[in-house]
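In: Give me the fold of what follows.
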Amino acid sequence: MSVLVLITGTGRSGTSTMSGTFHHLGLHVPGPYLGANDSNPKGFFESKWAVSFHKEITKAAGINDFDGRPGAFDRAQAAITPDLRRRLVEFLTEQARESDQVVVKDPRSVWGQSLWREAAAEAGLEIRYVSMLRHPAEVLGSRATYYAKQDDAEQRRRYEIFNLARWINNSVISERETRGQQRAFVRYTDLLTDWRPVLIGLGEQFGLTYDVDLAAGTPTPVDEFIDPDLRRHQVTWEELELPVELQDVAQQTWDALDILADKRGEDAHASSELDVQGARYRRIFQEASAISHDAMEEAKAVARRAGAKAAREKMAEREARAASTPAAIADRPVGEVGARDLLTVVGKRLASRVRPSR
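Out: Here you go, the predicted structure:
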């Protein structure tokens, strides 16, 4: 049996740590990877190919990589073309030649989990989903630290709010789109605290094999790779200033996912609760859009004015260029005129031929 393990979930939830762990245990994690940086000093273990592939989808759909709009998923599906599907099958077929245990990690896969499942089957791979879980307050703390402006409190608060919306939307979509499949939900804290039981459990559930006998306690590179100090942002709700109902939806979503982590990915009540929270979130989003109607109308008006101004400036530039063209140019042979002035010469020639005689 050949297996594809797709590591999904929301960003800043430990997906890189899980991918790197599989890599150090001998599974095939296709490179080249995104490079390490201050936000992820141990490395991302994230295939550049997969990132580029998903960015094609989000760009074509006109959505953010981690979009908070409830309708973003449908837009992503509409952007998936037969060519994209073919290229994914080719990529997975190539990886399957390298190993019968392939691991791909990218949180952006939330927009194409069924696409990956279908392509994996065509490439001869059975898919398994690993969704990493980290409390949303910690995710916000981590993202804001590395990506928000630190000297603007109001801007940081706005950043935290729309990123919480993204966390909810992505979490609900990911659970819904993997429901009924072979999947596991893994808490980031569990992986950092004692990774061996986590990986032993995944091996048993998914039929994975590792380079070493984990139950025997054999030392592995993972012992050095996983560092509990990687959890540098232990933020709680009390440290954040968020809309009360949005925070409650996030907490209820987290609680349901927490149950799925204990139930090996399957619990009807938890999945039903996630549907409820997804509907609540959609309503909140619609209400927020209605409240911000005047602000959005102003933004559209500003954009229209900016576009009109740019068009006027471009036209003025063309007219100035035409006015500054020396008269002698129009009388030169066509072969001696550059492309920039060719239309001027040809236009004058045609005009002189059709001008009526007096």
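
In: which residues in the chain form strands?
Out: Remark: strands assigned in the chain by DSSP state E are 3-9, 101-105, 126-133, 183-187.

In: Provide a list of residues in contact with I226.
Out: Residues counted as contacts of I226 (C-beta atoms under 8 Å, 6 or more residues apart in numbering) are 17, 21, 191-192, 195. In this view, the C-beta of every residue, glycine as well, is placed from N, C-alpha and C.

In: go again using 6 Å as the cut-off
Out: Shown in contact with I226 (C-beta atoms under 6 Å, 6 or more residues apart in numbering): W195.

In: Quick check: it vs R264, distance?
Out: According to C-beta to C-beta, to the nearest Å, I226 stands 22 Å off from R264.

In: Would you mind telling me which of the strands of the chain is nearest W111?
Out: strand 3-9 (10.2 Å; C-beta to C-beta).

In: quick one: average pLDDT of the closest one?
Out: For strand 3-9, mean pLDDT rounds to 95.

In: Can you report how many residues lie near A250?
Out: By other C-beta atoms under 10 Å, 24 other residues sit near A250.

In: Does it touch I168 like I think?
Out: Yes. Counting by C-beta atoms under 6 Å, A250 does reach I168; the two are 5.4 Å apart.

In: coming back round to it: and of the strands of the chain, who's closest to E56?
Out: strand 101-105 (15.5 Å).

In: Report the contact partners of the nearest residue to T253 once chain neighbours are set aside.
Out: Spatial nearest neighbour of T253, excluding adjacent residues (C-beta to C-beta, 6 or more residues apart in numbering): Q277 at 4.8 Å. By C-beta under 6 Å, 6+ apart, the contact set of Q277 is 249, 252-253.

In: Apply 10 Å and report the result again.
Out: Shown in contact with Q277 (C-beta atoms under 10 Å, 6 or more residues apart in numbering): 168, 171-172, 248-256.

In: what's the overlap in contacts for A250 and I168?
Out: With C-beta under 10 Å, 6+ apart, A250 and I168 have common neighbours 136, 277, 281.

In: Burial check on G9, number of neighbours?
Out: 27.

In: Then the one 10 residues further on?
Out: The tally of other residues near S19 (other C-beta under 10 Å) stands at 26.

In: and the gap between it and K105?
Out: 4 Å.

In: can you list residues touching both of the two?
Out: 5, 7, 29, 33, 44-47, 130, 132.

In: out of those residues, who's nearest L164?
Out: M132 (17.3 Å).

In: In this structure the closest one contacts S109, no?
Out: No. Contact criterion C-beta atoms under 10 Å: M132 and S109 do not qualify, at 11.9 Å.

In: okay, those two: which has more neighbours?
Out: More neighbours surround M132 than the other of M132 and S109, with 26 against 23 (other C-beta under 10 Å).

In: Spit out the contact partners of that one.
Out: 7-19, 105, 107, 184-188, 191, 261.

In: E266 too?
Out: Contacts of E266 (C-beta under 10 Å, 6+ apart): 179-185, 260.

In: Show me which positions of stretch 99-107 end up buried.
Out: By neighbour count with 16 or more other C-beta atoms under 10 Å, stretch 99-107 contains the buried residues 101-107.

In: Dump these to a markdown table, plus distance to L84 and pLDDT.
Out: Listed next are the buried residues of stretch 99-107 as a markdown table, based on distance: C-beta to C-beta, whole Å; pLDDT from 0 to 100:
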| residue | distance to L84 | pLDDT |
| --- | --- | --- |
| Q101 | 25 | 98 |
| V102 | 19 | 98 |
| V103 | 21 | 98 |
| V104 | 15 | 97 |
| K105 | 19 | 95 |
| D106 | 14 | 95 |
| P107 | 18 | 95 |
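
In: which one among those residues gets closest to G217?
Out: Q101 (22.2 Å).

In: From what I see, that closest one and L202 are in contact.
Out: No. Q101 is beyond contact range of L202, at 11.6 Å (criterion: C-beta under 10 Å).

In: Find residues that contact each of these two.
Out: Contacts common to Q101 and L202, judged by C-beta under 10 Å, 6+ apart, are 5, 22, 128, 208, 210.

In: Out of those residues, which two are the most distant from each other?
Out: Of all pairs in the shared contacts of Q101 and L202, the most separated under C-beta to C-beta is R128 and Y210 at 14.6 Å.

In: From the neighbour counts alone, determine which of these two ranks first.
Out: The neighbour count for R128 versus Y210, taken as other C-beta under 10 Å, is higher for R128 (24 against 20).

In: so who does R196 touch?
Out: 214-215, 217-218, 220, 222-223, 226.

In: From those, which land in helices?
Out: When DSSP state H defines the helices, the subset of these inside them is 222-223.
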